[in-house]
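Novice: Structure, please.
(chains A and B)
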There are 2 protein chains.
Amino acid sequence: MLSSRIGILGGGQLGLMLLQAAIDWNLDIHVLDPDPEAPCRKIAPKFTQGSLQDFDTVYNFGKHLDVITIEIEKVNVEALEKLEAEGKHIYPQPSVIRLIQDKRTQKQFYLDNNLPTAEFILTENRNDVASHSDFLPAFHKLGRDGYDGRGVQRIATEADLNKAFDQPGLLEKAVPFEKELAVIVARNPSGEVETFPTVEMVFHPELNLVEYLFAPADINEAVDKKAQEIARKTAEAFEIAGLLAVELFLTAEGEILINEVAPRPHNSGHHTIKANVTSQYEQHWRAILNLPLGSTKAYGPSAMVNLLGEDGYEGPAVYEGMDKLLETKQVFPFLYWKAITKPFRKMGHITIMDENIEALKEKVTFIKNNIRVISK
Amino acid sequence: MLSSRIGILGGGQLGLMLLQAAIDWNLDIHVLDPDPEAPCRKIAPKFTQGSLQDFDTVYNFGKHLDVITIEIEKVNVEALEKLEAEGKHIYPQPSVIRLIQDKRTQKQFYLDNNLPTAEFILTENRNDVASHSDFLPAFHKLGRDGYDGRGVQRIATEADLNKAFDQPGLLEKAVPFEKELAVIVARNPSGEVETFPTVEMVFHPELNLVEYLFAPADINEAVDKKAQEIARKTAEAFEIAGLLAVELFLTAEGEILINEVAPRPHNSGHHTIKANVTSQYEQHWRAILNLPLGSTKAYGPSAMVNLLGEDGYEGPAVYEGMDKLLETKQVFPFLYWKAITKPFRKMGHITIMDENIEALKEKVTFIKNNIRVISK
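Specialist: The predicted structure is shown next:
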């Protein structure tokens, strides 16, 4: 399988880290991305500029390949289905991508498979949402095309109803949770499953995206066991081949609820490049090439901070504070080959390792105070 | 310094691993190599095909860059000297490359700087060697152009004198040594120095190249301290900016002698990609970009096995036994993007981690018995 011709739909930072991992095994990787300045552009052995959502583009890209994977869910599934029918290995499977692409079918899937998730109501439009004001406070989520914090609105009271999307979506009960957790699961076509240690994510208060995370999560053993089990069951229910990142809520009562999943490498696993025996990226290759899965053991506690473009700056990116950062031992910046910064754009991440959580937290604070992505 | 335009002379496996490490920091890398199928070809953001030994080629390659480094010593030093005079940062410095390129000046340098090394006699030709039969047993080493085991002949008795090179070289007393050790040192232009833990190399009985190594070396603390000190002193004597790999002999009497050095990433440091906080490749970037050096701490014991092309096979490379290998936990193959295998060509390496040296040795044996690089 190592000599397969492999395609990745999407050439962003996740694709870049997949490529970097693929260098170890000489994997022959072709990348498709609409952006001629995509992060993968300069590193990919082969790069095709083209739409991920256009049937012909995706089909033509895939027909000369053996194995096709994704780094983003928003792709033309019909083309992948046709390629699959013609005998290509498409992992994750098009059926799984289709199911997950729409948060509505995704939520229904949890219900149908007895997987714990917050109560929800499917909604067709804004009026529909308004008719469920007894369900508030809730989150209104767009069925399709939400990404990186977009496509989710908190509707606390009737006064917020104007924020609801006027498109098919779902209204999800706002669960008062204590922590947000994530478990990345890998499953190969032979059915072997491995989970990464549970991480604890701290979200940006406004942006609805991960600001930083700690691994392992600061939770007790029983909760951890439950989180790991639910994540594993979810991956098995999907029968996914590849990675499944499972985002979870931990409630005050110790209940674990599935928030959402992503069928690919995930922001909550960046730290595994440095902190774990096998990174999520190598594990993804192992999974989709039907190789034995690697050890997910961590070498020690770690944290990961997302480097976002500073608000108020747009233009050629400058990473302020890098020299100072590199003086700190066991701190590993990873920049995303994005020439242009924009407010809150994901421009890189920094993995931190240290003996204990207090030392990690100090380094997180240091990074938040000293590193900025601005423009000239 | 992270935004410098950087050039690497040489696009082999060392260049490839330098490139892979450079992805983390978006380093803008240009590679020069004479081979259109060089390992770096498909991954390098920019690749120029051309001779490393031709003045004009090297000068023209370098004149649009800010920082130039090497992954092989056999390069046109005159061109680098001109570039340095024009204000480019050339690390390692051309003067250091020149000194090390010739084993004769290299040996003389140790003598001049009170650095311990085996006794030697400079020789001009084969007759000259023959006139020193009282110095045998000895090794005859070519002054220039030895590489990967080539350029060294053991002259045990007068009967072997016909094996001596008929070019300028040196006759080095054959020291009965117990072990061969190596210490990789990094030094940046500001003078900061860090050493990697001492490794123990096991050489192939005939090929005179590393078959496998263990880190850390199985030596007592006093010997280790001495090895570390000598390596550090050697790097400081050269005032090198970049990496210096120092190969050492440990004699039965516990004496440490310098065998030879390489002013670049080295075979004896491949395991650091997986086993150490900072890999030798990242450390090289830190050193030549005058950034603070990273921690060289190891996460645990490791071994590294070179994957050589099987004798008797030449042609498109096939890695036999990879699937089986990947079932073993904490085993990390790295293949070198070489399409064609040849007998004893370095085709890849495998890093192994485990709790103790016995488990490591078992895995080394497993690899030697089960992995072969052959051709179809």
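
Novice: Average pLDDT for stretch A:81-88, rounded please.
Specialist: For stretch A:81-88, the mean per-residue pLDDT is 98.

Novice: For it, C-alpha coordinates in CSV please.
Specialist: Taking Å, rounded to 0.1, in the frame of the first residue of the first chain, the C-alpha atoms of stretch A:81-88 are listed here in CSV:
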residue,chain,number,x,y,z
GLU,A,81,-19.1,8.0,-4.8
LYS,A,82,-18.5,7.4,-8.5
LEU,A,83,-14.7,6.9,-7.9
GLU,A,84,-15.5,4.5,-5.1
ALA,A,85,-17.9,2.6,-7.4
GLU,A,86,-15.0,2.4,-9.9
GLY,A,87,-12.9,0.6,-7.3
LYS,A,88,-10.8,3.5,-5.8
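
Novice: quick one: buried residues of it?
Specialist: For stretch A:81-88, the neighbour count (16 or more other C-beta atoms under 10 Å in any protein chain shown) marks A:81, A:82, A:83, A:84, A:88 as buried. All C-beta atoms are positioned from the backbone trio N, CA, C, and that covers glycine.

Novice: next one: stretch A:155-163
Specialist: For stretch A:155-163, burial by neighbour count (16+ other C-beta under 10 Å) applies to A:155, A:160, A:161.

Novice: could you check whether stretch A:301-314 is close to chain B?
Specialist: No - applying C-beta under 8 Å from any C-beta of the partner chain, one finds stretch A:301-314 out of contact with chain B, separated by at least 11.8 Å.

Novice: Off-centre distance for that stretch?
Specialist: Centroid separation between stretch A:301-314 and its chain, computed with C-alpha atoms, centre = their mean, to the nearest Å, is 16 Å.

Novice: do the same with stretch A:95-102
Specialist: Relative to its chain's centre, stretch A:95-102 lies at 14 Å (C-alpha atoms, centre = their mean).

Novice: do the same with stretch A:296-315
Specialist: Remark: stretch A:296-315 is offset 13 Å from the chain centroid, using C-alpha atoms, centre = their mean.

Novice: Average pLDDT for stretch A:313-320, rounded please.
Specialist: Averaged over stretch A:313-320, pLDDT sits at 95.

Novice: Now it: buried residues?
Specialist: Neighbour counts over stretch A:313-320 (16+ other C-beta under 10 Å) mark A:313, A:317, A:318, A:319 as buried.

Novice: Repeat that for stretch A:26-40.
Specialist: A:26, A:27, A:28, A:29, A:30, A:31, A:32, A:33, A:38, A:39, A:40.

Novice: about what we covered before: and which of the buried residues of stretch A:81-88 is nearest to residue B:200?
Specialist: Using C-beta to C-beta, residue A:88 comes nearest to residue B:200 of the buried residues of stretch A:81-88, at 47.2 Å.

Novice: residues from the stretch 201-350 of chain A in reach of chain B?
Specialist: Contacts of the stretch 201-350 of chain A with chain B, taken as C-beta under 8 Å from any C-beta, map to A:277, A:286, A:291-292, A:294-295, A:299-300, A:319, A:322-323, A:326-327, A:329-330, A:332-337.

Novice: Keep only those of the residues you listed that are in helices.
Specialist: Taking DSSP state H as the definition of helices, those contribute A:286, A:322, A:323, A:326, A:327.

Novice: quick one: the third one and residue B:291 touch, right?
Specialist: Yes - with contacts defined as C-beta atoms under 8 Å, residue A:323 counts as touching residue B:291 at a distance of 6.6 Å.

Novice: Quick check: neighbours shared by those two?
Specialist: Residues touching both residue A:323 and residue B:291 (C-beta atoms under 8 Å, 6 or more residues apart in numbering or on different chains): residue B:1.

Novice: Comparing these two, which residue is more hemmed in?
Specialist: In terms of neighbours (other C-beta atoms under 10 Å in any protein chain shown), residue B:291 is the more surrounded of residue A:323 and residue B:291; the figures are 22 against 14.

Novice: Point me to the residue sitting closest to the centre of chain A.
Specialist: Chain A has residue A:266 as the residue nearest its centroid, 2.8 Å off, counting by C-alpha atoms, centre = their mean.

Novice: Report how many residues lie close to the closest residue to it other than its chain neighbours.
Specialist: Once flanking residues are discounted, residue A:266 sits nearest to residue A:245: 3.3 Å by C-beta to C-beta, 6 or more residues apart in numbering or on different chains. Residue A:245: 23 surrounding residues under other C-beta under 10 Å.

Novice: Next: the one 4 residues further on.
Specialist: Neighbour count for residue A:249, taken as other C-beta under 10 Å: 19.

Novice: The nearest residue to it once chain neighbours are set aside: what's it in contact with?
Specialist: Closest residue to residue A:249 apart from its sequence neighbours, by C-beta to C-beta, 6+ apart: residue A:177 at 4.0 Å. By C-beta under 8 Å, 6+ apart, the residues touching residue A:177 are A:249, A:250, A:251, A:252, A:257.

Novice: Tell me the one among those residues nearest to chain B.
Specialist: Using C-beta to the nearest C-beta, residue A:250 comes nearest to chain B of the contacts of residue A:177, at 29.8 Å.

Novice: from memory that closest one sits against residue A:182, does it?
Specialist: No - at 11.0 Å, residue A:250 does not count as touching residue A:182 under the criterion of C-beta under 8 Å.

Novice: Mind checking which of these two has more residues around it?
Specialist: Looking at residue A:250 and residue A:182 with other C-beta under 10 Å, you find the greater number of neighbours at residue A:182, namely 26 against 22.

Novice: that older thread, farthest pair within the buried residues of stretch A:313-320?
Specialist: A:313 and A:319 (11.8 Å).

Novice: Ramachandran angles for residue A:238?
Specialist: Main-chain dihedrals, residue A:238, degrees, to the nearest 10: phi -70, psi -20.

Novice: Near it, how many other residues are there?
Specialist: Residue A:238 is flanked by 24 other residues according to other C-beta under 10 Å.

Novice: same check, this time on residue A:327
Specialist: Neighbour count of residue A:327, defined by other C-beta under 10 Å: 11.

Novice: Leaving out chain neighbours, which residue sits closest to it?
Specialist: Spatial nearest neighbour of residue A:327, chain neighbours left out: residue B:292 (4.3 Å); criterion: C-beta to C-beta, 6+ apart.

Novice: How many residues are close by that neighbour?
Specialist: Residue crowding around residue B:292 was assessed by other C-beta under 10 Å; the count is 16.

Novice: what does the one 3 residues further on give?
Specialist: Around residue B:295 there are 15 other residues, counting by other C-beta under 10 Å.

Novice: residues of stretch A:166-183 that come out buried?
Specialist: A:168, A:169, A:170, A:171, A:172, A:175, A:177, A:179, A:180, A:181, A:182, A:183.

Novice: all strands for the stretch 201-350 of chain A, in order.
Specialist: Ranges of strands in the stretch 201-350 of chain A, per DSSP state E, counting those that start in this stretch, are A:210-215, A:242-251, A:256-262, A:302-308, A:315-320, A:331-335, A:340-341, A:346-353.

Novice: what residues are up against residue A:184?
Specialist: Taking C-beta under 8 Å, 6+ apart, we find residue A:184 in contact with A:195-196, A:231, A:243-246, A:265-266, A:268-269, A:272, A:280, A:283.
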